[in-house]
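Asker: next comes the sequence, and after it the predicted model I'd like to discuss.
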Amino acid sequence: MTTRNALLLLTSFTLIAVAAGAVIPAPQQNLAPYVPTPQRVVDRMLKLAQVTSKDVVYDLGCGDGRIVITAAKKYGARGVGIDIDPDRIRESQENAKTAGVEELVSFKVQDAMKADVSEASVVTLYLLSSSNELLRPMLTKQLKPGARIVSHAFGMGDWPPSKSETVSDSDGFSRTLYLWITDGTVRP
């Protein structure tokens, strides 16, 4: 079947379903492909954000949960991982149990664009620049002044970071990390 025929078939089924009164959920937005952050980069992201046991770390697009698990294990921080993929969330939960930090972390199958991050003192991201820009208004509206946002590899458009640094992963590849400290200004 050609792509055009598949699209026509899908459109036909959708029109029939809508005509029959079915509710079609809005598609969830995939903000980036799943690519795990190397552990050395995870460690540096958390250090850059100056994570402590008083922090609540949210990871949007958490993948296998390694950032919030590391924050809990190394610093005693509480953490919440959010990912659109139920398989990644199951993996994250298993990883938290194996690490012995399941009481400090939780994971949600959710679209990051619809997340409530108002409890977070630190938000970590490894998403595309365009995705970071889409999240920027939500993050700057919900986060309290002084909250930190750390991004692996991708900026936030015209919002300059408070700090950036380059770190090498275990394979010698350079990675740029960006840190923003929220100040209560909502940035569109």
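Answerer: Perfect, I can see it now.

Asker: list the buried residues for the helix or strand encompassing Phe107?
Answerer: Element membership for Phe107 (DSSP states H and E) is strand 105-109. For strand 105-109, the neighbour count (16 or more other CB atoms under 10 Å) marks 105-108 as buried. Yep, even glycine has a C-beta here, placed from its N, CA and C like the rest.

Asker: cool, and stretch 129-139?
Answerer: Neighbour-count burial for stretch 129-139 [16+ other CB under 10 Å]: 131-136, 138-139.

Asker: tell me who's in contact with the most centrally placed residue in the chain.
Answerer: Residue closest to the mean C-alpha point of the chain, counted by CA atoms, centre = their mean, is Leu60 at 1.5 Å. Taking CB atoms under 8 Å, 6 or more residues apart in numbering, we find Leu60 in contact with 31, 82, 112, 115, 117, 123-125, 127, 135.

Asker: mind running it again at 7 Å?
Answerer: 82, 112, 115, 123, 125, 127, 135 (CB atoms under 7 Å, 6 or more residues apart in numbering).

Asker: without its sequence neighbours, what residue ends up closest to it?
Answerer: Nearest non-adjacent residue to Leu60, counting by CB to CB, 6 or more residues apart in numbering: Ala112, 4.0 Å away.

Asker: pLDDT wise, what is the one you found at?
Answerer: pLDDT, Ala112: 95.

Asker: same check, this time on the one 4 residues further on
Answerer: In the prediction, the pLDDT value recorded for Asp116 is 98.

Asker: go on, Leu31?
Answerer: 76.

Asker: now do the helices in the chain.
Answerer: With DSSP state H as the criterion, the chain has helices at 3-19, 39-48, 66-75, 86-99, 129-142.

Asker: deepest of those, which one?
Answerer: Comparing these by mean neighbour count (mean count of other CB atoms under 10 Å), helix 66-75 ranks first with a mean of 24.

Asker: elements contacting that one?
Answerer: If you count contacts as 3 or more CB pairs under 7 Å, 6 or more residues apart in numbering; DSSP states H and E, helix 66-75 packs onto helix 39-48, strand 56-60, strand 78-83, helix 86-99, strand 105-109.

Asker: between these, which gets nearest to Asp171?
Answerer: helix 39-48 (9.4 Å; CB to CB).

Asker: and that closest one, what other elements does it pack with?
Answerer: helix 66-75, strand 148-152, strand 163-168, strand 174-181.

Asker: returning to that earlier point: can I get the helices of the chain in TSV including distance to Val56 and mean pLDDT?
Answerer: Formatted as TSV, those follow (distance: least, CB to CB, whole Å; pLDDT from 0 to 100):
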stretch	distance to Val56	mean pLDDT
helix 3-19	40	33
helix 39-48	13	98
helix 66-75	9	98
helix 86-99	15	98
helix 129-142	13	97
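
Asker: can you redo these as a markdown table with distance to Ser164?
Answerer: Formatted as a markdown table, the helices of the chain follow (distance: least, CB to CB, whole Å):
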| stretch | distance to Ser164 |
| --- | --- |
| helix 3-19 | 41 |
| helix 39-48 | 9 |
| helix 66-75 | 18 |
| helix 86-99 | 27 |
| helix 129-142 | 13 |
